[in-house]
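Undergrad: Provided below are the primary sequence and the corresponding predicted coordinates.
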Amino acid sequence: YCSDSRYSGFMDRTSFDGSRLYNQYLVQLADSTWGEPVLLKSERSYLFTNGPASVAGDGKTIYFTSDVETGKAAQKSTFRNKQGIFRAEISGNEIVSIEPFKYNSLTYNLMHPSISADGKRIYFSSDMKGSLGRSDIYYCDLVDGEWSAPVNPGAPVNTQNRESFPYVHESGK
């Protein structure tokens with residue numbers, strides 16, 4: 001899950017513009033009892049938002065929402081970053097080998113990924129050009145190791161309002 005929880009009563013995580021940072025946490029289930037949340041650390045954990053995530057069927061590949069720009073521009077309080085999707089691997093309590101999604105942009109948001117059980121289709125929310133509303137659900141298919149161009153399935157999936165947080169069940173629905 002993702003949360004903007006504090007490290008402690010004395011220490012907080014905020015971005016360069018002062019907003020609270022979200023990070024991913026892992027909680028183990030053992031004998032019908034949930035353990036304590038553990039931060040999934042990455043090179044981005046302390047400076048950038050790492051939001052909603054989807055773990056692929058292999059249990060090791062993670063797709064997550066994070067800030068697109070990580071350079072000096074992102075450190076200015078007047079800069080308004082866009083959200084993008086990133087692919088990485090989970091290794092213990094760490095997120096490693098982070099790669100940006102092919103269609104990330106500084107002109108629109110890509111966020112809230114949901115990967116199919118077979119890893120061949122990814123759904124996400126975006127406000128890219130061509131959206132029917134404030135944001136729409138899109139998908140891309142993995143073809144020969146490359147993600148296809150984003151597809152907007154149109155109405156009735158998308159409306160003039162904001163569609164966010166898509167979810168694909170392991171059955172494909």
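TA: It's in.
Undergrad: OK, contacts around Pro100?
TA: Contact partners of Pro100, counting by C-beta atoms under 8 Å, 6 or more residues apart in numbering, are Val68, Gly84, Ile85, Phe86. All C-beta atoms are positioned from the backbone trio N, CA, C, and that covers glycine.
Undergrad: I'd like these as JSON lines, with neighbour count appended.
TA: JSON lines is the format used below for the contacts of Pro100 (neighbours: other C-beta atoms under 10 Å):
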{"residue": "Val68", "neighbour count": "21"}
{"residue": "Gly84", "neighbour count": "24"}
{"residue": "Ile85", "neighbour count": "30"}
{"residue": "Phe86", "neighbour count": "24"}
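Undergrad: among these, which are in helices?
TA: Per DSSP state H, helices hold no members of these.
Undergrad: with those residues in mind, which one is nearest to Leu142?
TA: Of all the contacts of Pro100, Ile85 has the smallest distance to Leu142: 13.3 Å, by C-beta to C-beta.
Undergrad: can you tell me who the closest one pairs with across the strands?
TA: The partner list for Ile85 in beta bridges (DSSP bridges) reads Thr65.
Undergrad: can you tell me which residues contact it?
TA: With the criterion set at C-beta under 8 Å, 6+ apart, Ile85 makes contact with Tyr63, Phe64, Thr65, Pro100, Phe101, Tyr103, Asn104, Leu110, Met111, Pro113, Ile122, Phe124.
Undergrad: go with 6 Å
TA: Tyr63, Phe101, Leu110, Pro113, Phe124 (C-beta atoms under 6 Å, 6 or more residues apart in numbering).
Undergrad: next one: Phe86
TA: Counting by C-beta under 6 Å, 6+ apart, Phe86 makes contact with Phe64, Ser66, Ile98, Pro100.
Undergrad: angles on the backbone of Ser91, please.
TA: Geometry field for Ser91 lists phi and psi as phi -130, psi 100, criterion degrees, to the nearest 10.
Undergrad: which one is it nearest to, not counting chain neighbours?
TA: Beyond its immediate neighbours in the sequence, the residue positioned closest to Ser91 (C-beta to C-beta, 6 or more residues apart in numbering) is Lys60, lying 7.8 Å away.
Undergrad: now Tyr63: how far from Arg80?
TA: In this structure, Tyr63 and Arg80 are 23 Å apart, going by C-beta to C-beta, to the nearest Å.
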